[in-house]
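>>> 3D, please:
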Amino acid sequence: MALIKDIAQICKSKNAGPFSVTVDVLFEDHELYQKVKATGVLNAELVGALYNVDPAKVLFTPYDTASAFKMTFPRAISAGDIGDTDVYGAQQHAPMLTVDIPL
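I've put the predicted structure just below:
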């Protein structure tokens, strides 16, 4: 088992407009990326569970050429609205860091 924070080169988040956030997980080693992809652990259902959103509203895309996964989903609170604690969406990747991958 290995945590995303220990095997991914980059795990970051940012706004994808004022109503969505995107999380990117990138791997330096393409072979490792393929192993992670083959586990099927990273998917829309996981993102839905981690971020409390309907998995049907998650755009989950593996990018083989870049050895990366991109996950875009609706924000709970629009960027800059009352109650928003992360206007840039830059801290939303944290739940993804502790996802355990069976390698």
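>>> In contact with the most centrally placed residue in the chain, which residues?
Nearest to the mean C-alpha position of the chain, counting by C-alpha atoms, centre = their mean, stands residue 23 at 3.6 Å. Contacts for residue 23 (C-beta atoms under 8 Å, 6 or more residues apart in numbering) come out as 11-13, 47, 70-72, 92-93, 96. Just so you know, the C-beta spots here come from the backbone N, C-alpha and C atoms, and that holds for glycine as well.
>>> try it again with 7 Å
Applying C-beta atoms under 7 Å, 6 or more residues apart in numbering, one finds that residue 23 lies in contact with 13, 71, 92-93, 96.
>>> How about residue 96?
Contacts for residue 96 (C-beta under 7 Å, 6+ apart) come out as 4, 11, 23, 25, 50.
>>> What strand or helix carries the closest residue to residue 51 other than its chain neighbours?
Of all residues not flanking residue 51 in the chain, residue 73 sits nearest, at 5.8 Å (C-beta to C-beta, 6 or more residues apart in numbering). For residue 73, the element it lies in under DSSP states H and E is strand 68-74.
>>> ok, now residue 46?
Element membership for residue 46, per DSSP H and E: helix 44-51.
>>> buried sites along the next helix or strand after that helix?
Next along the chain after helix 44-51, taking DSSP H and E as the criterion, comes strand 59-63. By neighbour count on 16 or more other C-beta atoms under 10 Å, the buried set for strand 59-63 is 60, 62.
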